[in-house]
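Asker: Return atomic coordinates for the entry below.
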Amino acid sequence: MALRACGLIIFRRRLIPKVDNSSIEFLLLQASDGIHHWTPPKGHVDPGENDLETALRETQEEAGIEAGQLTIIEGFRRELNYVARQKPKTVIYWLAEVKNYDVEIRLSHEHQAYRWLGLEEACQLAQFNEMKAALQEGHQFLCSTKT
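Answerer: This next block holds a predicted model:
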């Protein structure tokens, strides 16, 4: 059975008109272990939690952003399936916008750095094709809807 994890693709918009698609910046966290990969906050589902509860809890634990500081974007949910450490893994991501552009990021011991990045830079840091595709799809979704 695949390991199941959930997370949020967190974004903010630079303080310029929202019609400019380059105003969207994604939050990526750099892992402290392994290959120090960059991903949005995510983690394993705890017993009794639903997927979205997991995503919100992991975001608070890993980035210090509480649920009340976020707006979940309706209509976007992506499931990534890949192999991690020789085991199948499924990760569910939602899009979430921070309500405060200058929200404070407080990293846990699981991460050593964070960056707010435009789509192109975020895709360069997100080494895995599935993660790049999720970022691109999230960006396209935001650019095609009035959020």
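
Asker: what about stretch 34-48, average pLDDT?
Answerer: Averaging pLDDT along stretch 34-48 yields 92.

Asker: Go through that stretch and flag the buried ones.
Answerer: His37, Trp38, Thr39, Pro40, Pro41, Lys42, Gly43, Val45 (16 or more other C-beta atoms under 10 Å). Every residue, glycine included, has its C-beta placed from N, CA and C.

Asker: centre of the chain versus that stretch, how much separation?
Answerer: 10 Å (C-alpha atoms, centre = their mean, to the nearest Å).

Asker: What segments of the protein are strands?
Answerer: Using DSSP state E, the strands found in the chain span residues 3-13, 24-31, 38-39, 42-44, 70-84, 87-98, 111-117.

Asker: helices or strands up against the second one?
Answerer: Counting contacts by 3 or more C-beta pairs under 8 Å, 6 or more residues apart in numbering; DSSP states H and E, strand 24-31 is packed against strand 3-13, strand 38-39, helix 51-63, strand 111-117, helix 119-125, helix 129-144.

Asker: between the third one and strand 24-31, how many degrees?
Answerer: Helix 51-63 and strand 24-31 are oriented at 70 degrees to each other (axes from the mean of the first three to the mean of the last three C-alpha atoms, to 10 degrees).

Asker: Run through who's touching helix 51-63.
Answerer: 4-8, 10, 27, 29, 41-46, 49, 65-67, 70, 72, 92-94, 96, 105-108, 110-111, 114 (C-beta atoms under 8 Å, 6 or more residues apart in numbering).

Asker: Just the buried ones among these, please.
Answerer: By 16+ other C-beta under 10 Å, these give 5-8, 10, 27, 29, 41-43, 45, 65, 70, 92-94, 96, 105, 107, 111, 114 as buried.

Asker: ok so, going back, may I see the helices and strands packed on strand 24-31 organised as a markdown table, with distance to Leu80 added?
Answerer: Formatted as a markdown table, these follow (distance: least, C-beta to C-beta, whole Å):
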| stretch | distance to Leu80 |
| --- | --- |
| strand 3-13 | 9 |
| strand 38-39 | 10 |
| helix 51-63 | 13 |
| strand 111-117 | 19 |
| helix 119-125 | 14 |
| helix 129-144 | 4 |
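
Asker: how close does His109 sit to Glu61?
Answerer: Applying C-beta to C-beta, to the nearest Å, the value for His109 to Glu61 is 10 Å.
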